[in-house]
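S.K.: Pasted the sequence and its predicted model underneath.
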Amino acid sequence: MSANPAATAHEAILIAGIARGREQDLSEFYGRYHGRVYAFLMRRLRNPADAAEVANEVMLEVWRGAAHFEGRAKPLTWVLGIAHHKAMDCMRRRGRNAMSAESDPDEIADENGDPVEQIARAQDAKFVQCCLGQLSDLHRAVVHLAFFEDLGYAEIAVILACPEGTVKTRMFHAKQGLKRCLGRIGPAEQGDGR
């Protein structure tokens, strides 16, 4: 959420205020992070109700655990780490099969663009979404954190509580899996004469 040091410092001050029980600091922190946490959880859990419930659990954990924030990681890294662990708990509780499909990529099409281009972009998004869905949870997590949250490997390692080398290995395998999958799906669909 915050790339500049001043914003990161302000967010660390908010966390310190939350640790002292300042509800207005929690409210500001919530406003800054809830949407991003929810989006992260939607990509992991693929269910709006689960994502909303877990996002609230994350914010409750921020309230309860703010005193334990040591400042070694950025506030975003810290809160996404909490979100990752809560998402894993949710998946264990509810089971992998209880989750619904992701939202339709057709909804992200630009209304002002060329209709043929919109259809092609939506189709490409479906291909990518399908292939992301075939990755393991661990591989999908590193892809999400790197490409959708714009985090570096060191930050991802903190969030996933694993060595940075493991993150790099998972990313390598995730990219290889996506490449294989997109190679299988794309040409087959494009070769149907349309």
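M.R.: Okay, I see it. Numbers count the residues shown, from 1 in each chain.

S.K.: Can you name the helix or strand that residue 154 falls in?
M.R.: Counting by DSSP states H and E, the element that carries residue 154 is helix 153-160.

S.K.: And the helices in this structure, which stretches?
M.R.: 5-19, 23-45, 48-65, 75-94, 115-134, 137-143, 153-160, 164-190 (DSSP state H).

S.K.: now these in TSV, with mean pLDDT and mean neighbour count?
M.R.: To be clear about C-beta, it is placed using only N, CA and C from the backbone, and glycine gets the same treatment. Below are those laid out as TSV (pLDDT from 0 to 100; neighbours: other Cβ atoms under 10 Å):
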stretch	mean pLDDT	mean neighbour count
helix 5-19	87	16
helix 23-45	91	18
helix 48-65	93	18
helix 75-94	89	20
helix 115-134	68	14
helix 137-143	88	19
helix 153-160	91	20
helix 164-190	81	15
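
S.K.: show me what contacts the closest residue to residue 53 other than its chain neighbours?
M.R.: Nearest-residue entry for residue 53: residue 90, 7.6 Å, with adjacent residues in sequence omitted and distances by Cβ to Cβ, 6 or more residues apart in numbering. Taking Cβ atoms under 8 Å, 6 or more residues apart in numbering, we find residue 90 in contact with 45, 50, 53, 54.

S.K.: wait, what's in contact with the first one?
M.R.: By that I understand residue 45. Contacts of residue 45 by Cβ under 8 Å, 6+ apart are 51, 54, 87, 90, 91, 99.

S.K.: For the fourth one, give its distance to residue 29.
M.R.: Translated: residue 90. Counting by Cβ to Cβ, to the nearest Å, the separation of residue 90 from residue 29 is 22 Å.

S.K.: Give me the domain ranges for the protein.
M.R.: Per automatic domain parsing, the structural domains of the chain span 5-97, 102-190.

S.K.: roughly how far apart are the closest residue to residue 25 other than its chain neighbours and residue 67?
M.R.: In space, and not counting its chain neighbours, residue 25 is closest to residue 17: 3.3 Å by Cβ to Cβ, 6+ apart. In this view, residue 17 and residue 67 are 11 Å apart by Cβ to Cβ.

S.K.: follow-up on the earlier one: the helix holding residue 154 packs against which elements?
M.R.: helix 75-94, helix 137-143, helix 164-190 (3 or more Cβ pairs under 8 Å, 6 or more residues apart in numbering; DSSP states H and E).

S.K.: tell me the contacts of the residue nearest the centre of the chain?
M.R.: Nearest to the mean C-alpha position of the chain, counting by Cα atoms, centre = their mean, stands residue 40 at 2.9 Å. Residue 40 makes contact with 80, 83, 144, 148, 149, according to Cβ under 8 Å, 6+ apart.

S.K.: go on, residue 24?
M.R.: By Cβ under 8 Å, 6+ apart, the contact list for residue 24 reads residue 17.

S.K.: ok, now residue 52?
M.R.: By Cβ under 8 Å, 6+ apart, the contact list for residue 52 reads residue 38.

S.K.: The residue nearest to residue 25 contacts residue 23, doesn't it?
M.R.: No. Between residue 17 and residue 23 there is no contact under Cβ atoms under 8 Å: 9.2 Å.
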